[in-house]
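# What follows is a predicted protein model with its sequence.
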Amino acid sequence: MPRFGGPTTMFRLPSVQLPSQDVKVCFVGIPLDIGTSNRPGTRYGPRSIRAESCLIRPYNMATRAAPFDSFQVADAGDVPINTFNLQKSVDIVTNYYDERIFKHGIIPLTLGGDHTLVLPILRAVRKHYGPIGLIHVDAHSDINDTMFGEKLAHGTPFRRAVEEGLLDCERVVQIGLRGTGYAADDFDWARKQGFRVVQAEECWHRSLTTPLMTEVRDQMKDGPVYLSFDIDSLDPSYAQGTGTPEIGGLTTIQALEIIRGLKGLKVIGCDLVEVSPMYDTSGNTALLAANLLFEMLCILPGVKYRTNNVKMPC
């Protein structure tokens, strides 16, 4: 089947209904954007990412990772959210990830959807792993107390996660934060909780492989870790198709360095959120998202790496 034909699943993988005892890693979409404060449209993110993923081949030529030779991977479709009720949608997501994914030892790679979705996922994680480490890559800290008086929104999930004891705050790193704020101390609340905050300005004109990602791996230790990656962490010159773009962001190379820098950690799940196709006129944002999700797949525990005598660049 040519790449432009056939069912539109992630990486043209088989489609399954969860739970499935054969599946070890699944891609799952959450077509949610009713927690969005600015541009809508991320409900169509999973579909657009899947469509662009057909361009990606099965072997990572840089890291030599061979994920599809390592375990059964499948596309589980989308979580059936309630598109008119954010609280009900959050509860649906928590139950889905608890009963169909984590309960069966499956590692989810989530296609968003707006960033509200990470809170219900972390609630499900807590039931199976306890408080976990978190690598949060984003232009925004998402630690607002409320947005327009609401406790649930895409700018509040990590404040709620701290309040509910979902995170091991000494093992939380936020990378790429930047832009303007509502108050001068917007990023300081996270630091007071024990988070390491790496603002985008600290990343300009430098590689993030060392020392940053070496330090992050040391900080995460051997406990369970979750990766939450907002596409707006990248500069809008690379990822214009998102709801709240901020100039001065990460490069695609730095995004690869961050994800590849997590190799060896006990990663129990990842998400890629905030792709809004209606602002993605070329499809490049969705293509970038699909590539980053492939890189996430390549650093999961149990992935096999092809070896030979050829010296690789990284």
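Done, it's in. Residues are numbered from 1 along each chain as shown.
# strands paired with the helix or strand containing residue 26, and their directions?
Per DSSP states H and E, residue 26 falls inside strand 25-30. Applying DSSP bridges, strand 25-30 is found paired with strand 73-78 (parallel), strand 107-112 (parallel).
# Just name the most buried of those.
strand 107-112 (a mean of 26; mean count of other Cβ atoms under 10 Å). In this view, the C-beta of every residue, glycine as well, is placed from N, C-alpha and C.
# Could the C-alpha coordinates of it be exported in PDB?
Taking C-alpha atoms only, strand 107-112 is exported to PDB below (Å, rounded to 0.1, in the frame of the first residue of the first chain):
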ATOM      1  CA  ILE A 107       2.500   2.700  27.700                       C
ATOM      2  CA  PRO A 108       0.400   5.500  26.100                       C
ATOM      3  CA  LEU A 109       1.600   8.100  23.600                       C
ATOM      4  CA  THR A 110      -1.100  10.600  23.500                       C
ATOM      5  CA  LEU A 111      -2.100  12.900  20.600                       C
ATOM      6  CA  GLY A 112      -3.800  16.100  21.700                       C
END
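# Quick one: mean pLDDT for that strand?
Averaging pLDDT along strand 107-112 yields 98.
# likewise stretch 306-314?
63.
# before we move on, the earlier item: can you give me the offset of the strand holding residue 26 from its chain's centre?
Taking Cα atoms, centre = their mean, to the nearest Å, one finds strand 25-30 lying 11 Å from the centre of the chain it belongs to.
# So which residues of the stretch 51-200 of the chain form helices?
Ranges of helices in the stretch 51-200 of the chain, per DSSP state H, counting those that start in this stretch, are 86-96, 118-129, 157-163, 188-193.
# which residue sits closest to residue 186, ignoring its sequence neighbours?
Leaving aside its chain neighbours, residue 186 sits nearest to residue 141 (6.6 Å; criterion: Cβ to Cβ, 6 or more residues apart in numbering).
# quick one on the thing from earlier: so which of the strands paired with strand 25-30 comes closest to residue 65?
Among the strands paired with strand 25-30, the nearest to residue 65 by Cβ to Cβ is strand 73-78 (12.4 Å).
# Name the residues of the top strand by length along the chain that come out as buried.
Scanning the chain for the longest strand, with DSSP state E as the assignment, gives strand 167-177. Neighbour-count burial for strand 167-177 flags 167, 168, 169, 171, 172, 173, 174, 175, 176, 177 (criterion: 16 or more other Cβ atoms under 10 Å).
# just the angle between that strand and helix 118-129, please?
Using axes from the mean of the first three to the mean of the last three Cα atoms, to 10 degrees, one finds that strand 167-177 and helix 118-129 are set 140 degrees apart in direction.
# partners of strand 167-177, with directions?
Strand 167-177 sits in its sheet next to strand 132-137 (parallel), strand 196-199 (parallel), going by DSSP bridges.
# Centre of the chain to it, how far?
14 Å.
# So residue 173 sits against residue 194, correct?
No - at 10.6 Å, residue 173 does not count as touching residue 194 under the criterion of Cβ atoms under 8 Å.
# Pretty sure residue 256 sits in a helix.
Yes - under DSSP: H, G, I helix; E, B strand; the rest coil, residue 256 falls within a helix.
# wait, what's in contact with it?
292, 295 (Cβ atoms under 8 Å, 6 or more residues apart in numbering).
# Can you give me the distance of it to residue 115?
To residue 115, residue 256 is 21 Å away according to Cβ to Cβ, to the nearest Å.
# Find the centremost residue of the protein, please.
By Cα atoms, centre = their mean, the mean C-alpha position of the chain lies nearest to residue 271, the distance being 2.5 Å.
# Wait, it touches residue 292, no?
No - at 10.6 Å, residue 271 and residue 292 do not qualify as touching, with contact defined as Cβ under 8 Å.
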